[in-house]
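Novice: Give me coordinates for this.
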Amino acid sequence: MSSSQAKITSSWISAFTCFAGSLILLLTTIALTTPLRAEDLPESITSVVIEGNETIPTSHILQKIVTQPGRPVTNRQLREDKRLLMNTRWFYSVTERFEQRGDGVALIFRVHERPIVRRVEFIGLKKVKLKEVESWTGLKVGAPFDHVANKEAERRIEQEYKEKGFFFAKVELVKGGSPADREVVFRIHEGAKVRVQERRFLFRTKSGNIAKPQLTSFLQRQSQDGSYGLSPSAARLKTKLETKEALFGFFGGLYKPETMQQDIVALKQYYRGLGFFDIDITAAPLFSEDRTSVRVDYTVSEGVPYKINSIQVTGNHVIPTEKLRENAELREGQYFNSLPLGKDVIAMREQYGERGHYFAKVVPVPKFSEKPGVVDIVFEIDEDRPRYVRNINPHLQGEHPHTMEIVPINLLQFEPGDLADPSKISRGRSRMAGSGILENVQMEVVPVDPGEVMNASSSRNFRGQSGAGYSPSWTQLFDNVSDTVSDNASTVQPKAARPIRHGHSLFNTTPLGMTATGTASPTMPSVATANSVLAEPLASTQFSTLATPPTPSIVQYAVSKPATLFGQTQESLLVSALPPVDDDVIIRGQSPGGSFYQPPPPGRGNAVLEGSPYNNQFQALPPGWVDINVSAAEGRTGRLMFGAGVNSDAGIVGSFVWDERNFNLFRPPTSFADIIDGRAWRGGGQRFRLEAAPGDQVSRYALSWTDPYFMYSDYSLSVSGFYFNRFYPDWDETRTGGRVAIGKQLTPEWSVNGAIRLEDVEIENPRAVTGGTTSVPELERVRGNNFLSTFRASATHDTRDSTLLPGEGHFMDLAYEQAFGDFNYPRLEAEGRQYFTMYNRPDGSGKHVLTLAGNLGWSGDDTPVFERYYAGGFQSFRGFAFRGITPRGADNISTGGTWQMLGTAEYRVPVTADDMIHLVAFSDFGTVEQEITADNFRVTVGLGLRVVVPAMGPVPLAFDFGFPIRSSADDDERIFSFYVGINR
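Specialist: Next up, the predicted model:
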């Protein structure tokens with residue numbers, strides 16, 4: 001045999017030997033790890049034996065084992081025993097076997113122990129509880145020993161100490177850092193808590209000197225180029241800081257260095273929104289000698305305030321530039337400010353939204369030149385095409401939601417066939433989020449491919465629609481409807497077609513994120529960068545209550561220079577034109593019905609032009625469609641509230657309220673499980689409210705039920721019952737009755753209401769009774785029980801920007817009431833309030849608000865004294881006691897008037913940088929008489945305070961001092977009036 005053949009033979013023999021050895025090892029492993037067959041297991045065992053344990057007592061291990069001597073043994077029991085032993089983390093491995101012994105079969109578990117912690121000690125622990133530190137580390141005697149985890153515990157303890165304000169705390173791992181250790185010992189140097197005693201702003205001037213901090217909200221400050229501009233003061237800047245000062249030097253204000261970097265980012269963004277694009281800010285801590293307090297100095301180099309050199313609009317073809325900019329707030333020559341800029345962007349987007357251009361984009365791009373302090377603003381517009389709503393696909397999260405499917409549909413403000421108006425769609429989302437019925441509201445607006453329009457699903461039932469008649473598929477009702485460049489462009493949009501009834505389910509089973517035809521929703525393309533053609537219309541737009549569209553207080557832009565303006569790198573950021581979620585959104589109705597509008601359907605258009613980089617410059621795009629996917633979870637609609645209040649008119653009043661916002665009067669329980677699971681009386685979108693408000697002067701108990709969409713219409717129905725008791729100075733009054741009201745929201749501003757009121761009014765304990773008779777005939781006439789029935793119709797117009805502290809808009813209410821039955825009289829009332837913002841800081845805060853209000857009322861001669869007009873108190877006429885202004889009869893008993901004329905002028909000014917405290921100056925004037933006259937005209941002037949305390953509820957605390965300068969001899973004056981309330 002040759003040497004080469006010998007080498008080959010030797011190689012084959014070696015390979016065969018390795019293969020045979022591996023096969024034997026594999027078969028042995030399988031034999032050892034494969035569970036014993038049922039016929040191989042012993043019927044019972046005589047003992048359970050533990051082998052391999054060195055530090056853990058056998059008795060502790062046996063406590064974890066299920067299998068017991070004298071009982072049958074199964075593979076399932078063996079697997080469970082091994083799982084329980086491994087879960088203790090005492091062992092690296094556990095194996096089992098059976099062994100025949102003299103007294104029978106023994107079950108043997110062989111364990112490979114992990115090292116065990118024998119002792120844990122924290123040296124120097126004084127200011128933090130031991131249990132809390134142990135929870136940070138998870139270390140305890142008998143736990144597995146891990147030297148790597150011990151080092152991580154060292155870092156964790158020090159980090160937790162710093163989170164608690166012990167900034168200089170140090171932790172040292174004395175024992176436990178070596179694999180050979182079995183004891184874990186930490187040495188802790190706690191130090192003292194460090195609190196922020198002062199936050200100071202230093203402003204660097206042109207010469208490089210540091211200017212002293214100012215206290216005013218905004219001031220004229222010389223910039224580094226020598227020019228002057230409005231700059232925020234230290235007081236205003238402090239409201240933007242995450243770093244807080246300690247209250248009274250001892251409460252809160254813990255020093256955390258990471259918040260200083262957050263402060264710098266927030267301050268720079270705030271300054272850039274005011275036009276200081278070259279802003280530079282540094283922060284430095286200065287600790288006290290004993291290291292218990294720190295002062296944080298923010299050094300601000302404001303740079304040059306930028307002025308607007310020119311404003312241009314590009315990309316607009318549907319709406320001319322003059323129309324887009326006709327009411328613009330930001331003008332050439334003004335200092336740059338993101339607040340009016342954001343308002344202008346919103347106004348432009350609203351104009352496109354009214355025409356159905358849902359995906360129209362308005363991107364303000366600042367462009368900088370070599371000249372410092374000058375910026376050009378270019379509004380880059382991508383108009384997109386007009387679009388209509390095709391399908392609305394609601395989806396309620398959860399396996400078995402209680403809410404009826406019609407409830408989220410009712411909350412929307414639009415229907416299939418309506419123009420896709422972003423404002424209207426946003427209000428629908430806001431109404432859903434603010435209803436209290438649904439939460440985690442997400443809305444996805446998906447454009448429909450032109451080829452899918454013909455495949456639209458059958459139209460669905462929406463409230464207020466007639467099922468009579470026939471119409472072709474409503475996705476075919478529009479065609480050749482395009483926008484033209486005209487100042488009257490808004491007149492060419494068609495009326496929204498109303499879909500007919502087909503009895504299909506109101507809920508689409510298509511998963512969220514899919515179009516109605518089952519194709520996946522297009523992904524969102526990247527937005528355009530600066531100096532590039534604007535991107536194609538966004539494929540989908542998502543709104544969520546967790547990420548509310550921003551208000552235009554600080555706007556972000558696409559920029560070309562510098563590259564990192566507002567912390568973004570050449571990104572084109574859209575300024576949303578959608579208003580924020582408002583918990584007090586008014587429910588409005590849908591547009592009235594009408595005949596179907598039947599232009600031809602939208603076609604595919606010219607694919608070459610539509611796909612060209614020139615967008616729609618040479619051809620008006622035909623209208624398109626969008627599908628709206630709505631997803632929401634059921635909220636916690638039931639609330640149990642307790643509160644208390646005190647004011648100068650009603651004294652002390654308690655409050656107990658049970659409020660259910662997703663009530664269903666027509667879903668009584670059919671089993672006890674319905675009550676336990678919360679299905680009974682729930683899911684209809686109705687509101688049920690039970691209220692008890694006992695007090696020392698006035699008590700009120702009420703029960704009400706409201707259906708905002710009665711019989712699935714645009715009308716609301718409300719039914720209530722009440723019990724009311726009040727101790728007036730001249731008599732005691734008790735009212736028991738009910739009220740039925742029907743209302744409708746015509747537009748977001750206009751609403752109408754009609755109500756019937758039935759009451760039993762009991763007058764007791766009149767003052768000045770002689771011989772069983774009072775000295776005032778009007779009061780004697782109504783002693784005892786009286787039946788009062790009235791019908792009231794009212795119309796309201798409300799444009800206020802806030803219901804608590806409004807700054808703009810007005811509120812007007814006109815009402816007519818007719819009483820019948822025991823009393824027969826008419827009543828006319830008019831109320832109006834107008835709010836003017838006279839001044840505000842450049843960032844929009846610090847509003848100075850002028851309020852003008854008036855109230856006129858006239859009632860017929862047959863009006864009983866308990867329904868007449870009275871004035872006085874903090875809600876009607878300050879400077880006088882509650883009901884202190886009124887005509888009086890014998891013995892100075894108030895009889896009320898049939899004519900009321902009241903007015904108020906009030907000026908509100910913030911006195912703190914965070915707008916939490918306001919000072920008001922006011923004058924109340926007017927009169928209450930038996931006939932239309934102004935003979936006894938009263939006037940007061942005064943000062944007041946409004947304090948907002950978030951922990952006590954949204955209503956500000958009110959304290960007013962009113963001084964009458966003209967009054968009547970019989971009036972009851974009161975200088976001080978107040979209101980304090982707490983609601984939890």
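
Novice: In terms of helices and strands, where is the closest residue to Pro694 other than its chain neighbours?
Specialist: Setting aside the residues directly before and after it, Pro694 is nearest to Gly654 in space (Cβ to Cβ, 6 or more residues apart in numbering), at 5.3 Å. (C-beta placed from N, C-alpha, C; glycine too.) For Gly654, the host element (DSSP states H and E) is strand 651-663.

Novice: who does that strand touch, helix- and strand-wise?
Specialist: strand 638-647, strand 686-693, strand 698-707 (3 or more Cβ pairs under 8 Å, 6 or more residues apart in numbering; DSSP states H and E).

Novice: Skip ahead from it and say which helix or strand is next.
Specialist: helix 672-676.

Novice: who's Ala905 bridged to?
Specialist: Leu852, Ser923 (DSSP bridges).

Novice: Tell me the span between the first and last residue of stretch 725-736.
Specialist: Distance across stretch 725-736, first residue to last, is 9 Å (Cα to Cα, to the nearest Å).

Novice: For the helices and strands packed on strand 651-663, give me JSON lines that also has distance to Gly809 and mean neighbour count.
Specialist: Rendered in JSON lines, the data for these read as follows (distance: least, Cβ to Cβ, whole Å; neighbours: other Cβ atoms under 10 Å):
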{"stretch": "strand 638-647", "distance to Gly809": "26", "mean neighbour count": "14"}
{"stretch": "strand 686-693", "distance to Gly809": "26", "mean neighbour count": "19"}
{"stretch": "strand 698-707", "distance to Gly809": "25", "mean neighbour count": "18"}
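
Novice: closest one to Gly860 among those strands?
Specialist: Distance to Gly860, taken as Cβ to Cβ, is lowest for strand 698-707 among the helices and strands packed on strand 651-663, at 26.9 Å.

Novice: And the lowest mean pLDDT element among the helices and strands of this protein?
Specialist: Across the helices and strands of the chain, mean pLDDT, DSSP states H and E gives its lowest value to helix 607-610, namely a mean of 34.

Novice: Alpha carbons only: can I get stretch 892-903 in PDB?
Specialist: Listed next in PDB are the C-alpha coordinates belonging to stretch 892-903 (Å, rounded to 0.1, in the frame of the first residue of the first chain):
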ATOM      1  CA  ASN A 892     -88.900  96.900  54.200                       C
ATOM      2  CA  ILE A 893     -89.800  93.500  52.800                       C
ATOM      3  CA  SER A 894     -88.400  92.900  49.300                       C
ATOM      4  CA  THR A 895     -91.000  92.400  46.600                       C
ATOM      5  CA  GLY A 896     -88.900  92.200  43.500                       C
ATOM      6  CA  GLY A 897     -89.200  94.000  40.200                       C
ATOM      7  CA  THR A 898     -90.700  93.300  36.800                       C
ATOM      8  CA  TRP A 899     -88.000  95.300  35.100                       C
ATOM      9  CA  GLN A 900     -84.300  94.700  35.300                       C
ATOM     10  CA  MET A 901     -81.400  96.600  33.600                       C
ATOM     11  CA  LEU A 902     -77.900  95.600  34.600                       C
ATOM     12  CA  GLY A 903     -74.500  96.300  33.200                       C
END
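
Novice: and it, what's its mean pLDDT?
Specialist: Averaging pLDDT along stretch 892-903 yields 94.

Novice: hmm, back to that, give me the buried stretch members for the strand holding Gly654, please.
Specialist: Neighbour counts over strand 651-663 (16 or more other Cβ atoms under 10 Å) mark 653, 655, 657, 659-663 as buried.

Novice: do the same with stretch 107-117
Specialist: 107-109, 111, 113-117.

Novice: Show me where the chain has its helices.
Specialist: Here the chain has its helices, by DSSP state H, at 3-33, 58-62, 75-87, 130-137, 147-163, 234-238, 258-273, 321-324, 338-354, 406-411, 422-434, 607-610, 672-676, 777-781.

Novice: and these as CSV, adding distance to Asn765?
Specialist: Output for those, formatted as CSV (distance: least, Cβ to Cβ, whole Å):
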stretch, distance to Asn765
helix 3-33, 93
helix 58-62, 80
helix 75-87, 76
helix 130-137, 62
helix 147-163, 63
helix 234-238, 55
helix 258-273, 61
helix 321-324, 68
helix 338-354, 58
helix 406-411, 48
helix 422-434, 45
helix 607-610, 82
helix 672-676, 44
helix 777-781, 11
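
Novice: which one of the buried residues of strand 651-663 sits closest to Asn316?
Specialist: The nearest member of the buried residues of strand 651-663 to Asn316, counting by Cβ to Cβ, is Arg661 at 43.5 Å.

Novice: still on that earlier bit, out of the helices of the chain, name the one with the poorest average pLDDT.
Specialist: Averaging pLDDT over each of the helices of the chain puts helix 607-610 lowest, since it has a mean of 34.

Novice: farthest pair in the buried residues of strand 651-663?
Specialist: Farthest-apart pair in the buried residues of strand 651-663 is Val653 and Asn662; separation 28.1 Å (Cβ to Cβ).

Novice: rewinding a little: would you mind giving the buried residues of stretch 107-117 as TSV with pLDDT and distance to Asn855 added?
Specialist: Formatted as TSV, the buried residues of stretch 107-117 follow (pLDDT from 0 to 100; distance: Cβ to Cβ, whole Å):
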residue	pLDDT	distance to Asn855
Leu107	92	91
Ile108	93	94
Phe109	93	88
Val111	92	87
Glu113	84	86
Arg114	82	81
Pro115	84	83
Ile116	82	81
Val117	87	77
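
Novice: give me the number of residues near the residue lying closest to Ile108 once chain neighbours are set aside?
Specialist: Of all residues beyond its chain neighbours, the one nearest Ile108 is Val49 (4.6 Å), with distances taken as Cβ to Cβ, 6+ apart. By other Cβ atoms under 10 Å, 15 other residues sit near Val49.

Novice: what does the one 5 residues further on give?
Specialist: Other residues within reach of Glu54, judged by other Cβ under 10 Å, total 8.

Novice: Let me know the pLDDT of it.
Specialist: 81.
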